[in-house]
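*Asks:* next come a sequence and a model predicted from it.
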Amino acid sequence: MAKIAVFQHHPLCSRQCASAVESVLAADHDVSLIGLTNLTPAGLEGFDLLVMPGGDGDAERFHSLFALRRDFVRSFVQQGGAYLGICMGAYWGGRDYFGLLPHTDCVQYITRPRAEIRRSFKTTLRIEWDGASDSMFFYDGCTFLSDIDSFDVVARYSNGDPMAIISNRVGLIGCHPESTEDWYDTALLMPQWHHGRHHDLLRQFVGRILNRPHDMKPSLIERLDRANAPEDNLLHEAAEEIRMLRSTLEAIRSATDPFAHGTLRQVNHLARAGLSGHQDEKTKDGAQTDQKDAPVIAEATSITGPTK
């Protein structure tokens, strides 16, 4: 039995999501709800797993909330603690937030090529979990893009993008396997209720994370990031160029996808930006370069999970 901390700070990490996770994991583990005051080395001491559930937030609110606590979470994981992020908590595991997977981008699935949904609303999506097809609750969750990190893909969306991954003792899930029956409160959702089947998947997923040995060996890029020797400069430049080129390819892929309504002008702009090494904020991470040519995605401005 592990000791698990489930973070709750409504609405960013909502009471509904945190309570659902607590209920599912309490069957096998000692689970406690914690808040901001507990996100300290002393507050996390003795816990084996920190869970960041879904909620309603965005990048600006994350940085204002966790500016003084981001390093505490990273230190907890670096010292052997495990991390589980679900929906918004999964976004937070990426390089732009807690940085637990420092070379992985956690991006909105609804913006991805061949995604079957283009707006932010609660629904269920077809997924494949450990090779078995299923339908799982979804509310503007993320997928995971990486050119450096290696991770095990446990589940995928219907377009093939990763939906649930594990890297070392970090597990990230874009959908909501913890969802409870009262979340399925519309005529379209009611028939999709999983009758607890997804709770079993979540418990198994947590078991995989907890049973992983803590890998103390840093990756090559992490070792380069820590090095100051002049001879490492060329390797640093090569790594940055790989990241830049991959980001450019993702942007071109998004611009030319039939759902994205990309134009030849967009492609030329992206290619020139990538080859010149002068990508600006509008071309990073596959974002559209010309707002008037970008797809209309209603209600997709926040990283969300269901809230009440």
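*Replies:* Sure, I can see it.
*Asks:* please make it C-alpha for all contacts and neighbour counts, starting now.
*Replies:* Will do.
*Asks:* what residues does Leu201 make contact with?
*Replies:* With contact set as CA atoms under 8 Å, 6 or more residues apart in numbering, Leu201 has these partners: Pro177.
*Asks:* kindly export the host helix or strand of it (C-alpha atoms) in CSV.
*Replies:* Under the criterion DSSP states H and E, the helix or strand holding Leu201 is helix 197-210. Only the C-alpha atoms of helix 197-210 are listed here, as CSV (Å, rounded to 0.1, in the frame of the first residue of the first chain):
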residue,chain,number,x,y,z
ARG,A,197,-14.0,-0.5,-15.9
HIS,A,198,-11.8,2.6,-16.3
HIS,A,199,-11.2,2.8,-12.6
ASP,A,200,-9.5,-0.6,-12.8
LEU,A,201,-7.4,0.8,-15.7
LEU,A,202,-6.4,3.8,-13.5
ARG,A,203,-5.4,1.6,-10.6
GLN,A,204,-3.3,-0.6,-12.9
PHE,A,205,-1.7,2.5,-14.3
VAL,A,206,-0.8,3.7,-10.8
GLY,A,207,0.7,0.3,-10.0
ARG,A,208,2.9,0.5,-13.1
ILE,A,209,4.3,3.9,-12.0
LEU,A,210,4.9,2.9,-8.4
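*Asks:* mean confidence score for it?
*Replies:* Per-residue pLDDT over helix 197-210 has a mean of 97.
*Asks:* residues of that helix that come out buried?
*Replies:* Within helix 197-210, the residues that qualify as buried are 198-199, 202-203, 205-206, 209-210, counting by 16 or more other CA atoms under 10 Å.
*Asks:* and what of stretch 187-197?
*Replies:* By 16+ other CA under 10 Å, the buried positions in stretch 187-197 come out as 192-194.
*Asks:* same thing with stretch 124-140?
*Replies:* Judged by neighbour count (16+ other CA under 10 Å), stretch 124-140 contains these buried residues: 124-129, 135-140.
*Asks:* with stretch 90-109 instead?
*Replies:* By neighbour count on 16+ other CA under 10 Å, the buried set for stretch 90-109 is 90-94, 96-109.
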